[in-house]
Structure formats: structure tokens, C-alpha cells
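In: sequence? don't have it. structure:
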């Protein structure tokens, strides 16, 4: 059974105060829902998306034949997050480029796209916007908030920003804050974009161009960090497109063609200003920062139960980063289930259909169902 | 005691046949020498440089106060490679940008800089050019050929290309061929350069510009892969330049400033075409390729003794890559000393003054001295 979905849109006129001190109004959020909210409103699950994903987490967009959700193997009828049992919501975050208010949207102050004037947003800002949407939809408390990578950071932020409004927090392949190396990769990607002459200081919309060269380089860098060395070796190795060296700088190795192709595709649909904003939100996420660097204190308000998962070959956010989260939760005597999944796929493993991983999520959602009465 | 050195230059009129099928003539090699060749000509050591280094391996360039060699902690009077005992040579490789013939040199066919018409060169091509220089200098057999990273690949290539002309091969922080991930990082760096509008298809010299934006991004990517995650964490962590978030895309984290600064410096002296050529030489290096993928067969001709070293936190060429080399040497019953140095600095560790590492090199060069009578 395939879910056919149509995105919904909600406008908020009350200004959203942001962590930077700026505020945003009005703004719109685009979201999708799957399944049905039960009578006791206890079966709602919020899925948070990562860098380059959208609100379209599952099913097929109405009127298309191939626009399948980015986590369709995880969310849907009979899936680990079973939309036959749960009412699932996914929201496109503010500043993103899939319909919610972002740099491509019209700035009411100028009548032109925001571009570089769109305020810098944080993970906590997104969570506050998601909380407002939940209120509008009549959801007082989520059975679970779930996400991977940057999505996992949002789930984590829910646990301390709105401790009474989330029963379970499901955090995949995440980290409690970026390392210097993580920030460094983000910074190189941003430099590639910002120094592309077609970027025009972020006002490229006015020039009818897109900084596609910069975006492509940014995407290639990101892409490398999502895959494990082993996966790349197994999938591409040193395979040559034409069987022999061409003594040129064309794409001769399969890995070169693959990265170029994926990057070109990405640069056709992703907004350059959004790339800057979302990587910056990643850089800034650091709940311990307001607590003298003490993550345990930062998570002291959390009241929900946790499922934390990491993947053995993830070198972007390796298992040690999840250990930091788990240790702090244990120190706070919060119930936590932790799984270190042996998967070869690197950071991207959280998106893939690994049977062991999916079984664990399914089991955990069975437990959620029992505790919240979904 | 500080060595003061002046580079020398030698012109070769006999064409150099290259692996690509092209040939190069005439060409010049810039090199430096340190110490004195003994009467039996048995104490010569060739140091091979890596991606962004030059012939200036040690000492102070005459007429300068701060132009110290890139491996001055390793090579010099009383250093592990003691120039009081050994006659050390380092050659700027063909295609590089520090004086030997390369893309910035005049192409005699056009009267303009070679630019993109400079032939694609390989590690083996460099070694053949180095061998010609050795002949010109009257060195029939090197006591040792030594290098780290790409320099280690050249040392390895000496062992099977000229088995009778090298007594010891010293290979630091190297790999017998790049992984798909290694190639991927090179490819992104090249894309950053090639897609910079100032690159002008490699003919930027004619336009009086330099693709500095692309070079900077390329350098930043490289730089990240040279450092360990731990070193970055210890040196920069999440330290902020101004103590607080600025909610901007300026360099706010110390790691951002550092990478930008280093990249800007690099883009002022390094040639973009050279960056392409040298990364391609890295991609192509694969001695096993002509032997059905069998590295043991590829190294079967080696007659020298080996010292191989790797560094525990090197994630560009981790110890497992050195193990591949060592296993093949052992399978060939070649004498090999292997050291896995516990160093926190990542790939760059081979360049740093680690006492344990330097002691091991010193010991090995003592042994070399005894075997060759230096």
C-alpha cells in the first residue's frame, strides 16, 4: 500500500523570536501528515529532517509517480514507524527551500526575496516553530520526536525545551555538538558557495543566476562525509569508467562521475542560502554551552524516555558522539535505550533499510505504542 | 648550526618519455643538496617531496632570514638524517611550481606558459627524472630514498623501478594506492579549482589572474584531511574568536579563521595547474595495477631494505595502508622494519618533531650508515 500525500501549509502571524535576537513574521510552515490522530491525541510522532531533506518524509506526493519520501523505508503503513498506528508529522524547517519561509521567500520589508537578510536560525528556533505548529494541530504531547543527524539534534532539543510535550525522544546518528573537524567541513562548503561569483552576496535571485559551481563543491564535500571509506571502496573502489587512465582531469574514476552527477542534481534544486543557514545551525548547536559545557546539566530538564542509535562506520558522528549523549542521560537517571548498529554505510546508514536497525526501531515503537496507548 | 643553501638547476635536453605516452623536452630540475658526497659515493640520500612541498627540504635559503626547509627538523647537521654523514638531495618534481619545469614554464612550442598543455605526469615519471638527475650528479646508488605521503610513494617506486640503485627505502605515512575516498577528496579539490571562473581552462596566466577562490577551497579540503580529529579538537575545539556567536557566516570559530588564513597564504604561492597535476599523480599511483592488482608481484623486483612508518591517528593513509605494503614486502622476503607511531597529529605527523618517531629514524639511519659505509 502506497500512501499518497499532499503537503499542507500554515501561516503564523505572531512573530517568532529567534535565538539571534531577531524575530520572524509572518512566516509559513509546510508540512505533511500521515495516518490519523487518535481520539486521545496520544499517537502523534514528529519526524525532524536533516540538512538537505524536506517535510516529505514518506509516501508518494499526489500527482507524481516517483516523488517518494526521503525516509519512506522507515515511515509508512507497516513500517517501523507504522502510520497505521501513529499520526506522523514532518515539517519543513524555517530557512529551508522546500516551501516553508526561507531565503527564497519574499521579504515583506523589501518586496524581494530575503536572500542574505533571512535571519540565522538555530536548532532551538526550529523546534519552537515546530511546537507552534503542534499547538495549531491540537497536539499537546508527542508520543515521540524522532530524527537522524541534524534531525536527531532537533529531537534532543525537544527533550529539554519542551520536556512535558514529548514522551519519547529518538535520536539517530547524531552528536551533542559538532567537533572542530565537523565545523571545518561545513566552513569549506560555505566558502565554496560564498566565493562563487554567481552568489552575488546571496542576492543571486536578483541576477537570475544560481551559484551552482559552489553548491556542487559543497555537496561533494558533504557527500564524502556521509559515506564510509568501506562503502566507497566496495561500491566504487578504483574502478575506471573507460577501463584505463586517460591522463586528463575528466571524470575517469567511477567515484568522480558519481560525485559530480549527484552534485549537479543537487545544485538544480537546493538553495545556496539555505545551505549556509542549515550548516550554521549545525555549527551552533551546543546545548551544553549555556550550562558551562556540561551536557548533563543541559539535559537535566528532560522527562522523556530515549532511544539513541549510532552506526559503527559513521565517521561524521561516530558512536563516541552518541556515547556522550547516553552518558549524560544516564547521569540524569533518564530511561535510555542505546543501540550501536554494525552497518557498513557510514553516516548515511540511518537512512538505509538495514534489517537489524529497522527491527530495533520497530521494537522501540511497539514500546512507545504501549506506553502512550496508541 | 644552520645550513645555508642555494638551489641548483640542471637542464635536460634528452626527451623524458612519460607514462601517458607524451614526452617532455627540454626540461629543467631545481634541486638542493646538503652535506658532502663521500669518496666512494655511497652516502647519498634522496628525499622526495609531497603535494605542496619543494626541493627546499632543510636549512635556510641563502639571502633569507626565515625560508626554512619543510623537513628541517628531520634533515640537517645532527638531525635524524644527518647531513654531517649523508649527502642529501631533494628535487622539485616536474609539474610543480617551485622552479622545475611545470605549467608556469614557457612551452617552447607556443612561447607561452604550458598551462593545461603541460603533460599529466605520474609518480614513476618523477622517479625517472630523479634518476637522470642522480646520473648527472654521479650517484650510481642511493644509500636511501626517503619520503612521506606522496614522497613515500616515490620512494616505493624507486624500489621496483631501479632496484639496483637504492640500498634502503624509507616510506612514511604512505599507501600503495589511493582509496575511493582519497580520490574523492582530490576530485572535489580539483572541481573547486577548475570551476573557478578565474581558472580560464588553465590559461589564467594569460589573463593576469589566479583562481584563488578555487585554490583556497582545495587547500582547505586538503588541510582537513592532514589533521586528526583529535588534533583539531585539542588545538581549536569550538573556540570562538569573539567569545560568542555572531549569527553570521563570517569566520567565528577559531578553526574557520585558521583554515581561511592558511588557504589564503597557500593561494598566493601555489599554482592551480600544479595542484591538478599532483593530485592526479596521487590518484594514478597504483604499482599493483600492472600486476593484476597484486602488490606483492609489483614489489617483487625490490632489492633494498625498507623502513615503513605509519601514524596511529592518520586517517588519510591509516596504518592499515602501510600494512598492505609491509605484508607484500614480507611475502617477498624483503627485509623490512615497520613502526606504527602513536602520534596525535594525523597525516601531518610525519612532518613533525615527535621524539619517538625521530629516534626510530635516527636508529634506522645509523644502520644505513653501517651497511653502506657512510
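Out: Arrived safely, thanks for sending. Note that the coordinates shown come from a computational prediction; the quantities given were computed from them, not determined experimentally.

In: any weak-confidence spans in chain A?
Out: A:1 (pLDDT under 70).

In: ok, the nearest residue to residue A:228 once chain neighbours are set aside - contacts?
Out: In space, and not counting its chain neighbours, residue A:228 is closest to residue A:346: 3.3 Å by CB to CB, 6 or more residues apart in numbering or on different chains. Yep, even glycine has a C-beta here, placed from its N, CA and C like the rest. Each residue near residue A:346 by CB atoms under 8 Å, 6 or more residues apart in numbering or on different chains is listed here: A:226-231, A:311, A:313-316.

In: how close does residue A:346 get to residue B:157?
Out: 32 Å (CB to CB, to the nearest Å).

In: With respect to residue A:124, which of the contacts of residue A:346 is nearest?
Out: residue A:316 (21.7 Å; CB to CB).

In: Around the nearest residue to that closest one once chain neighbours are set aside, count how many other residues there are.
Out: Nearest residue to residue A:316, sequence neighbours excluded (CB to CB, 6+ apart): residue A:347, at 4.2 Å. Applying other CB atoms under 10 Å in any protein chain shown, we find 23 residues neighbouring residue A:347.

In: Next: residue A:78.
Out: 10.

In: And the spatially closest residue to it that is not a sequence neighbour, how far from chain B?
Out: Distances taken as CB to CB, 6+ apart place residue A:84 nearest to residue A:78, at 6.6 Å, with adjacent residues excluded. Distance, residue A:84 to chain B, using CB to the nearest CB, to the nearest Å: 41 Å.

In: helix or strand for residue A:84, which one?
Out: Applying DSSP states H and E as the criterion places residue A:84 outside every helix and strand.

In: residues touching it, list them.
Out: A:35, A:77-78.

In: At the geometric centre of chain A, which residue sits there?
Out: residue A:50 (1.1 Å; CA atoms, centre = their mean).

In: Verify the stated contact: that one with residue A:154.
Out: No - taking CB atoms under 8 Å as the definition, residue A:50 is not a contact partner of residue A:154, at 9.0 Å.

In: so who does residue A:70 touch?
Out: A:49, A:53-54, A:56-57, A:351.

In: Recalculate using a threshold of 10 Å.
Out: A:47, A:49-50, A:52-58, A:90, A:351 (CB atoms under 10 Å, 6 or more residues apart in numbering or on different chains).

In: How about residue A:187?
Out: A:279-280, A:283, B:220, B:224, B:249, B:251-253, B:255-260.

In: Looking at the residues you listed, spot the one nearest residue B:29.
Out: Closest to residue B:29, out of all of the contacts of residue A:187 and judged by CB to CB, is residue B:220, at 30.4 Å.

In: returning to that earlier point: from residue A:312, how far out is the residue nearest to residue A:228?
Out: Applying CB to CB to residue A:346 and residue A:312 gives a distance of 9 Å.

In: For residue A:246, what is the enclosing helix or strand?
Out: Using DSSP H and E, residue A:246 falls within no helix or strand.

In: what's the spacing between it and chain B?
Out: On the measure of CB to the nearest CB, residue A:246 and chain B end up 9 Å apart.

In: nearest residue to that residue other than its sequence neighbours?
Out: With CB to CB, 6+ apart as the criterion, residue A:246 has its nearest non-adjacent residue at 5.1 Å, and that residue is residue A:252.

In: same thing with residue A:88?
Out: residue A:34 (4.4 Å).

In: That neighbour against residue A:85, yeah?
Out: No - assessed by CB atoms under 10 Å, residue A:34 is found out of contact with residue A:85, at 11.0 Å.

In: rewinding a little: return the distance of the residue nearest to residue A:246 relative to residue B:263.
Out: 27 Å.

In: Equivalent analysis for residue A:125, please.
Out: 31 Å.

In: ok, now residue A:129?
Out: For residue A:129, the distance to residue B:263 - CB to CB - is 36 Å.

In: can you give me the strands for the stretch 51-200 of chain A?
Out: A:60-61, A:75-76, A:81-82, A:87-91, A:106-107, A:112-113, A:144-148, A:168-172 (DSSP state E, counting those that start in this stretch).

In: ok but the residue nearest to the centre of chain A is inside a strand, no?
Out: No - the assignment for residue A:50, made by DSSP: H, G, I helix; E, B strand; the rest coil, is coil rather than a strand.

In: Quick check: buried residues in stretch A:71-87?
Out: Neighbour counts over stretch A:71-87 (16 or more other CB atoms under 10 Å in any protein chain shown) mark A:71-76, A:79-83, A:85-87 as buried.

In: what's the farthest-apart pair in those residues?
Out: Most distant of these, by CB to CB, are A:73 and A:87, 19.4 Å apart.

In: sorry, back to before: okay, now the residue nearest to residue A:88: neighbour count?
Out: For residue A:34, using other CB under 10 Å, the count is 25.

In: Now it: phi and psi?
Out: Torsion angles at residue A:34 (phi, psi; degrees, to the nearest 10) stand at phi -140, psi 140.

In: Quick check: the gap between it and residue A:100.
Out: Separation of residue A:34 from residue A:100 (CB to CB): 18 Å.
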